[in-house]
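1. Need a 3D model of the sequence below.
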Amino acid sequence: MRLYIDRQKPEALGVSFTTISDTLTGAMGSTYVNDFVNNGRVQQVIIQADAAARMNVDDVLKLYVRNAGGGIVALSEVVTPVWTTAPSARPMPPGRRCWNCGVTNSVAPRRSLQSLGRWLSAVELTALPHQRW
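-> Residues are numbered from 1 along each chain as shown. Modelled structure (predicted):
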């Protein structure tokens, strides 16, 4: 599912692209609004649509955005849902645990980059498959 936002119609209705984007972000995900103090602790205010209200695209399109004149415009007026197909998932090759594995590390105190390179070579020889896909 893709949501296409018509750039010309919202402009004619006085609705900015940012307003539409912020509304969709808050409805489909979450948006940080502000901080407030609660019993001496700072807590964040994050808005999010209820899970039941974002399960169906028609429910999301029932939301409204405010235009520059202070009026409201339905998202369905400026957003068009389009069903798309995605490629099917590739099966995992034998002997692989993930498609894209990365190694993150740093040099221990009083160690050199050469010793890190030797260690990584040893790990590669013993742990990683030598097949090319």
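
2. What ranges in the chain fall below the confidence cut-off?
-> Counting by pLDDT under 70, the low-confidence segments of the chain come to 86-114, 116-117, 119-133.

3. What are the boundaries of the strands in this structure?
-> Taking DSSP state E as the criterion, the chain carries its strands at 2-5, 31-38, 41-47, 64-66, 72-74, 79-82.

4. which stretches of the chain form helices?
-> Along the chain, the stretches classed as helices by DSSP state H are 8-13, 17-28, 57-60, 75-78, 113-127.

5. who does the third one touch, helix- and strand-wise?
-> It refers to helix 57-60. helix 17-28 (3 or more C-beta pairs under 8 Å, 6 or more residues apart in numbering; DSSP states H and E). From N, CA and C alone the C-beta is placed, and that goes for glycine too.

6. The helix it packs on: which residues count as buried?
-> Residues of helix 17-28 classed as buried: T19, I20, T23, L24, G26, A27 (neighbour count, 16 or more other C-beta atoms under 10 Å).

7. I appreciate the help and will end here.
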